[in-house]
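Return atomic coordinates for the entry below.
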Amino acid sequence: MSVLADSWQRAALALRLLALDPEGLRGAVIRMRSGPDRAAVTGALPLKTQRVHPNISDEQLYGGLDLSATLKSGHIIDNKGLFSKSGMVTLAMAERCGADLAAKLALQLDADPDFGLIALDEGAEPDEATPPALSERLAFCIEPIGRMPPDWPSVPAGTTSIAPRAVTVNSSDIEALTVLAARLGIDSLRAPQLALATARAHAALNNRLHLTEDDLEAAAALVYPHRATTVPEQQDSTQDTPPPDQPDDPGTDGQDQDLTLPDGDMMIEAIKALLPADLLAGLVPVGTTRAAGGGGAGKARKGNRRGRPLPSRPGRLHGQTRIDLVATLRAAAPWQPMRRAAAAQTALAIRPSDIRVKRYQDQSDRLLIFTVDASGSAAMSRLNEAKGAVELLLGQAYAARDHVALIAFRGTAAELLLPPTRSLVQTKRRLATLPGGGGTPLAAGLQQSALLASQSIARGMTPTVILLTDGRANVALDGTPDRAQAGNDAERLARMMRAQGTGALVIDMGARPTASLKALAGLLGAPYLALPRADAQRLTGAVSAALGAA
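Numbering: from 1, shown residues only. Got it, this is the predicted structure:
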């Protein structure tokens, strides 16, 4: 069976076991991009789930006061929060889950045995992943390879009369799973506990009352590979075998021998075949502490959904809005004499139609389009400093959760090296491999930037083009070496970018300021920074100040 078929078969088995014992397995991380294949995987799980977003509020989690119903009835009425209900919850975009929400969900998983979690992870890079506080509490990480095969099996709940908790477990089974986890460098005791629950569910699925080696192997294959931090070495079987002329010490009772199963090395080889291909590249040495991960280093803001307050409006409270108390009282005040006379009471009467909710002017996400001159003239002067400055700016953009894109122009054309993304690792990798040399097709770089900016505006983003060049344009838009035509093409595209409202910043990284580049910045309506003697750090500070003032 191919690796592709194996990964999809493992996904089907994991879903089947999770449907059989959701309380014991607690849930799964489904690491797939949004699409038909992920929809088929999530739809195959026969469990009713409630979908939540990483920006869910505390009131929606824990419940709170239902103000409208309380004022109408005259006594306190509470809203039921998510944690007041048992069952499985689906967390969308789990790679964007912050540390605070991850901690709350982790505490709920520990406190409520009936609470489960399906984390939908769309991370494109290893550092964009579900927070470890959640992933280590969930049994499986479902990440099939490639497209779904046409004969992928359906995932029924499984017909069995045996409950997973009725399966008998021996101490040797627990020891085997624990030793195997230790040999794979897994330092969390939750892993062998989840593996044991998986083995019992696998045995129950196959109508067995006792664990077998097949159950242990299936559990290890589903629970351990994505948690492993080291590749286990093959043990030397001669070390544990006494010489023929020396009898075994009867006082040890085999306690000093290996605690794995007789075929434990075969299980090790099976697990090693399932380890990620890039495991060795990202390993943390055994005995050291892992770097904290999960939520990223971004500022604590909810996706740019806060802004300048606007006048309040009539509305209702449903957990996603905030009441404007002063405006509510102002709306209810003119009706108080009439309502008191009708109800024969002196208390303040608030009706649902009086409720006013707060509003804010949302700001769209910002896209920083780094357009870098990689021509021969730039490469000979300031390309390395430009790379260093862009890398530092990328770190700041990532911390502010801005989108970034990378365009390089050299030779006769411009190339979009990286589409808009928030992946700092991927952007740095593309920037490090940026070559230099050739002519300076400045107009082609501006054209590619204008096209990307217009596409981002259509998606509701606010683009800003950061142009780093020495200004010596000598290649026209059609690819011909014509300095005069190259300057005319660049000026025409600059006027077009300004007309479409694209913000820009022009950085002259030549050995001395260039008058033509300053004029181009004027056509763009953009700040012009001439930094002939600035290193990467000073260049970064100047750009940050210019962007902050914009």
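
CA atoms of stretch 188-206 as CSV?
Provided in CSV are the C-alpha atoms of stretch 188-206 (Å, rounded to 0.1, in the frame of the first residue of the first chain):
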residue,chain,number,x,y,z
SER,A,188,4.3,14.3,28.3
LEU,A,189,2.4,11.6,30.2
ARG,A,190,-0.8,12.5,28.3
ALA,A,191,0.6,10.8,25.2
PRO,A,192,0.7,7.2,26.7
GLN,A,193,-2.6,7.8,28.3
LEU,A,194,-4.2,8.8,25.0
ALA,A,195,-2.4,5.9,23.3
LEU,A,196,-3.9,3.5,25.9
ALA,A,197,-7.4,4.9,25.2
THR,A,198,-6.8,4.5,21.5
ALA,A,199,-5.7,0.9,21.9
ARG,A,200,-8.8,0.1,24.0
ALA,A,201,-11.1,1.8,21.4
HIS,A,202,-9.3,-0.2,18.6
ALA,A,203,-9.8,-3.4,20.5
ALA,A,204,-13.5,-2.6,21.1
LEU,A,205,-13.9,-1.8,17.4
ASN,A,206,-12.7,-5.3,16.6
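
buried sites along that stretch?
For stretch 188-206, the buried set under the neighbour-count rule, 16 or more other CB atoms under 10 Å, comprises 190-205. Using the backbone N, CA and C atoms, a C-beta is placed for each residue, glycine as well.

So which of the residues you listed is the closest to residue 114?
Using CB to CB, residue 197 is the member of those that lies nearest residue 114, at 14.7 Å.

Not counting sequence-adjacent ones, nearest residue to that closest one?
With sequence-adjacent residues excluded and distances taken as CB to CB, 6 or more residues apart in numbering, residue 197 is closest to residue 24, at 3.8 Å.

State the helix or strand in which the one you found lies.
Taking DSSP states H and E as the definition, one finds residue 24 inside helix 22-25.

for the protein, what helix or strand is lowest in average pLDDT?
Every helix and strand of the chain was ranked by mean pLDDT, DSSP states H and E. The lowest is helix 376-381, at a mean of 57.

would you say residue 89 is within a strand?
Yes: Residue 89 forms part of a strand when assessed by DSSP: H, G, I helix; E, B strand; the rest coil.

hang on, it packs against residue 50?
Yes: under the contact definition of CB atoms under 8 Å, residue 89 touches residue 50, with a separation of 5.3 Å.

so what's in contact with these two at the same time?
With contacts taken as CB atoms under 8 Å, 6 or more residues apart in numbering, the residues that reach both residue 89 and residue 50 are residue 82.

Could you check which of the two is surrounded by more residues?
Under the criterion of other CB atoms under 10 Å, the comparison of residue 89 against residue 50 puts residue 89 first, with 21 against 10.

How about the contacts made by that one?
Shown here is residue 89, whose contacts under the criterion CB under 8 Å, 6+ apart are 49, 50, 51, 52, 82, 115, 116, 117, 118.

What count of nearby residues applies to residue 84?
In terms of burial, residue 84 registers 12 neighbours under the definition other CB under 10 Å.

Name the nearest residue to it, ignoring sequence neighbours.
Distances taken as CB to CB, 6+ apart place residue 63 nearest to residue 84, at 5.9 Å, with adjacent residues excluded.

And the one you found, its phi and psi?
When read as degrees, to the nearest 10, the backbone of residue 63 gives phi 90, psi 170.

Residue 78 is in contact with that one, correct?
Yes: taking CB under 8 Å as the definition, residue 63 is a contact partner of residue 78 at 5.6 Å.

Looking at those two, which one has more neighbours?
When residue 63 is set against residue 78 and neighbours are counted by other CB under 10 Å, the residue ahead is residue 63, at 16 against 12.

Contact partners for the more buried one?
78, 79, 80, 81, 83, 84.

Just the pLDDT for it.
The predicted structure scores residue 63 at 83 on the pLDDT scale.

All the strands of the stretch 51-200 of the chain, residue numbers only.
Residue ranges of the strands in the stretch 51-200 of the chain, as given by DSSP state E, counting those that start in this stretch, are 64-65, 78-79, 87-91, 115-121, 140-142.

nearest to residue 370, of the ones you listed?
Ranking the strands of the stretch 51-200 of the chain by proximity to residue 370 (CB to CB) places strand 115-121 first, at 27.6 Å.

what residues does the closest one touch?
Contacts with strand 115-121, where a contact means CB under 8 Å, 6+ apart, come from 22-23, 25-32, 38, 42, 45, 47, 49, 83, 86-95, 97, 105, 108-109, 129-130, 134-135, 137-138.

Of these, keep whichever come out buried.
Among the contacts of strand 115-121, the ones that count as buried by 16+ other CB under 10 Å are 22, 25-32, 38, 42, 45, 47, 49, 83, 88-95, 97, 105, 108-109, 129-130, 134-135, 137-138.

Let me see the contact set for residue 161.
Residue 161 makes contact with residue 207, according to CB under 8 Å, 6+ apart.

The helix or strand hosting residue 19 relative to strand 115-121, how many degrees between them?
Under the criterion DSSP H and E, the helix or strand holding residue 19 is helix 3-20. Taking axes from the mean of the first three to the mean of the last three CA atoms, to 10 degrees, one finds that helix 3-20 is oriented at 160 degrees with respect to strand 115-121.

In helix 3-20, which residues are buried?
By neighbour count, and taking 16+ other CB under 10 Å as the criterion, the buried residues in helix 3-20 are 7-8, 10-20.

which other helices and strands contact that helix?
Taking 3 or more CB pairs under 8 Å, 6 or more residues apart in numbering; DSSP states H and E as the contact definition, the neighbouring helices and strands of helix 3-20 are strand 27-31, helix 36-44, strand 140-142, helix 190-205, helix 213-223.

tell me what the longest one is packed against?
Judged by 3+ CB pairs under 8 Å, 6+ apart, the packing partners of helix 190-205 are helix 3-20, helix 22-25, helix 171-183, helix 213-223.

and that helix, how far out from the chain's middle?
Computed by CA atoms, centre = their mean, to the nearest Å, the chain-centroid distance of helix 190-205 equals 28 Å.

One more: the last one?
A distance of 28 Å separates the C-alpha centroid of helix 213-223 from that of its chain, computed with CA atoms, centre = their mean.

C-alpha coordinates for it, CSV please?
Backbone C-alpha positions of helix 213-223 (Å, rounded to 0.1, in the frame of the first residue of the first chain) are rendered in CSV as follows:
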residue,chain,number,x,y,z
GLU,A,213,-0.2,-6.3,19.8
ASP,A,214,-2.2,-5.1,16.8
ASP,A,215,-4.1,-2.7,19.1
LEU,A,216,-0.9,-1.3,20.6
GLU,A,217,0.7,-0.9,17.2
ALA,A,218,-2.3,0.9,15.8
ALA,A,219,-2.5,3.2,18.9
ALA,A,220,1.2,4.0,18.7
ALA,A,221,1.0,4.7,14.9
LEU,A,222,-1.9,7.2,15.5
VAL,A,223,-0.8,9.0,18.6
